[in-house]
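*Asks:* Any chance you could fold what I've pasted below:
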Amino acid sequence: MADFVGAVDQGTTSTRFMIFDHDGNEIARHQLEHQQILPQAGWVEHNPTEIWERTRAVIETAMNKANLVASDLAALGITNQRETTVVWNRVTGRPYYNAIVWQDTRTDRIASALDQDGRGDVIRRKAGLPPATYFSGGKIQWILENVDGVRAAAEAGDALFGNTDTWLLWQLTGGPDGGVHVTDPTNASRTMLMDLETLDWDDELLSFFGIPRRMLPAIRPSSHPELYGVTRAGGPLGGEVPLSGDLGDQQAATVGQVCFSPGEAKNTYGTGNFLLLNTGHELVRSKHGLLTTVCYQFGNEKPVYALEGSIAVTGSAVQWLRDQLGIISGAEQSEALAAQVDDNGGVYFVPAFSGLFAPYWRSDARGAIVGLSRYNNNGHVARATLESICYQSRDVVEAMRQDSGVALDVLRVDGGVTANSLCMQMQADILGVPVSKPVVSETTALGAAYAAGLAVGFWQSTDELKRNWNEARRWYPEWSDAQRSRGYSSWKKAVSRTLDWVELD
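*Replies:* So this is what the prediction gives:
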């Protein structure tokens with residue numbers, strides 16, 4: 001039997017390929033960034049062809065680093081930036097337009113119109129989502145309405161839609177030469193087009209956006225031995241490997257954090273932050289600004305659902321300090337710069353670059369740095385940036401407690417920002433609960449590997465996966481209750497300053 005499982009992790013700023021052994025240990029990885037295309041304010045795009053080329057390169061490089069061949073892999077899993085929308089031609093394989101990224105706000109008028117005539121309530125009930133620029137449905141509609149030839153091609157069956165998981169699965173299984181056009185329920189549940197109860201595309205929801213059903217991929221379980229076929233021998237792996245796992249990135253991280261029991265939660269710190277709470281087989285309808293989503297579906301079992309708090313800008317706010325302001329040369333410098341000051345000096349930064357996601361859902365909001373005086377310096381801005389990551393997470397934790405009645409005893413964390421120890425200490429201070437980081441912090445790729453490996457018997461059960469989880473570090477709260485309360489009150493005041501900035505029709 002093959003000794004390893006591979007995972008493609010196609011993220012917002014980069015694509016990586018990781019290889020894991022049976023104990024969940026990382027054997028090799030390679031990672032490449034791709035271009036962030038910003039045509040105008042509020043628009044964020046990626047080049048799908050570049051993403052596919054990066055995917056090929058990271059697979060080939062990681063396999064060469066580990067001196068492995070395709071037959072050494074028992075299975076391959078994929079995880080991806082969700083909601084990011086690709087539409088391409090079935091025959092040529094060429095995209096009709098750049099991928100419209102989940103952060104993009106060009107569909108704000110489409111989202112706003114849905115709530116003006118009652119369609120928004122139907123979307124909430126069936127799809128578990130509020131009408132928002134975040135999700136794929138409005139992005140597909142925009143491409144159909146604004147890119148020449150796509151509407152006719154879609155109605156003829158030649159234009160295909162997918163999030164980046166579907167795009168890469170299609171390419172890996174042959175592309176124009178027989179590529180499989182599929183997705184899983186976790187990705188489908190982020191479109192505003194899937195019924196959460198039936199796990200199928202809903203004709204009424206499709207009609208709201210004018211989307212032909214034949215554009216859409218087949219929905220299959222997140223983990224299944226016959227899920228997506230096999231890689232083509234001429235592809236980057238150079239041989240056939242079962243493609244048996246597919247999960248949206250935040251659901252993959254939940255699986256990687258082995259949150260398999262109702263009430264268990266994790267928070268992933270990446271480009272944005274995403275806190276998921278496992279609710280088991282129960283569909284919990286949020287009344288406090290959270291999303292109801294599919295957590296995973298393994299084989300022919302019933303789907304497991306989750307409540308999710310999605311935050312648009314967290315790690316990318318640190319990237320903004322680097323790329324737009326130029327006050328740091330690398331993300332790791334944010335910790336050293338913030339540590340030069342004892343506190344935020346009264347400065348609060350609400351990075352509402354794409355509006356505010358959970359629990360506010362305000363596309364009219366825009367970013368603001370408030371509380372500045374001549375006393376403040378770059379260190380205060382850096383510290384306020386890290387605190388913004390933690391305060392936004394607290395907003396979500398508060399909403400989750402109100403919806404579920406679950407008060408967290410500990411928060412499991414993962415993702416790139418967890419390498420910033422100061423930020424994790426801030427998170428413990430601001431939440432008032434311990435923060436726990438696993439040995440394998442890149443749990444998104446690990447979760448995709450787990451889903452793929454479970455499908456082919458590489459791992460026998462979720463109990464076996466739980467035994468692989470080990471804690472690397474824990475941060476305990478150091479702030480007093482009064483300090484925590486004052487800080488959060490000031491944060492809420494800062495959030496109020498960002499609202500009603502953009503006029504929406």
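*Asks:* Could you use CA atoms for every contact and neighbour count after this?
*Replies:* Noted.
*Asks:* Please, where are all the helices along the stretch 201-350 of the chain?
*Replies:* Here the stretch 201-350 of the chain has its helices, by DSSP state H, counting those that start in this stretch, at 203-209, 249-256, 315-320, 333-338.
*Asks:* and residue 384, what helix or strand is that in?
*Replies:* helix 378-404 (DSSP states H and E).
*Asks:* Quick check: the closest residue to residue 236 other than its chain neighbours vs residue 79, distance?
*Replies:* Using Cα to Cα, 6 or more residues apart in numbering and skipping residues adjacent in sequence, the residue nearest residue 236 is residue 56, 5.2 Å away. Distance from residue 56 to residue 79, counting by Cα to Cα, to the nearest Å: 15 Å.
*Asks:* Compare the two (neighbour count), which wins?
*Replies:* residue 79 (29 against 21; other Cα atoms under 10 Å).
*Asks:* gap between that one and residue 160?
*Replies:* When Cα to Cα is applied, the distance between residue 79 and residue 160 equals 19 Å.
*Asks:* How about residue 307?
*Replies:* 29 Å.
*Asks:* Check which residues of stretch 152-164 are buried.
*Replies:* Neighbour counts over stretch 152-164 (16 or more other Cα atoms under 10 Å) mark 153-154, 157-164 as buried.
*Asks:* Output the residues you listed in TSV; the columns should cover distance to residue 405, secondary structure and pLDDT.
*Replies:* TSV is the format used below for the buried residues of stretch 152-164 (distance: Cα to Cα, whole Å; DSSP: H, G, I helix; E, B strand; the rest coil; pLDDT from 0 to 100):
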residue	distance to residue 405	secondary structure	pLDDT
153	48	helix	96
154	45	helix	96
157	46	coil	93
158	47	coil	96
159	44	strand	97
160	41	strand	98
161	38	strand	98
162	36	strand	97
163	33	coil	97
164	35	helix	97
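*Asks:* Can you add distance to residue 135 and give those back as TSV?
*Replies:* Below are the buried residues of stretch 152-164 laid out as TSV (distance: Cα to Cα, whole Å):
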residue	distance to residue 135
153	22
154	20
157	23
158	23
159	19
160	17
161	13
162	12
163	10
164	13
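*Asks:* count of neighbours near residue 281?
*Replies:* Using other Cα under 10 Å, residue 281 has 14 neighbouring residues.
*Asks:* next one: residue 320
*Replies:* So residue 320, with other Cα under 10 Å, has 18 neighbours.
*Asks:* repeat for residue 260
*Replies:* Neighbours around residue 260, by other Cα under 10 Å: 22.
*Asks:* Would you agree it is in contact with residue 276?
*Replies:* No. The criterion here is Cα atoms under 8 Å, and residue 260 misses it with residue 276 at 11.5 Å.
*Asks:* Which neighbouring elements make contact with the helix or strand following the helix holding residue 384?
*Replies:* Proceeding N to C from helix 378-404, the next assigned helix or strand is strand 411-414, under DSSP H and E. Helices and strands touching strand 411-414, by 3 or more Cα pairs under 8 Å, 6 or more residues apart in numbering; DSSP states H and E, are strand 265-269, strand 435-438.
*Asks:* Note down every partner strand of strand 411-414 and its orientation.
*Replies:* strand 265-269 (parallel), strand 435-438 (parallel) (DSSP bridges).
*Asks:* any idea which helix or strand comes after that strand?
*Replies:* On the C-terminal side of strand 411-414, the nearest following helix or strand under DSSP H and E is helix 421-431.
*Asks:* any idea of the angle that next one forms with helix 378-404?
*Replies:* Helix 421-431 runs at 50 degrees relative to helix 378-404, counting by axes from the mean of the first three to the mean of the last three Cα atoms, to 10 degrees.
*Asks:* remind me which residues of the chain are low pLDDT?
*Replies:* 1, 227, 504-505 (pLDDT under 70).
*Asks:* Need the residue in it that's farthest from the chain's center.
*Replies:* residue 374 (38.0 Å; Cα atoms, centre = their mean).
*Asks:* I'd like the distance from that one to residue 35, if you could.
*Replies:* Applying Cα to Cα to residue 374 and residue 35 gives a distance of 36 Å.
*Asks:* And residue 452, by the same measure?
*Replies:* According to Cα to Cα, residue 452 and residue 35 sit 29 Å apart.
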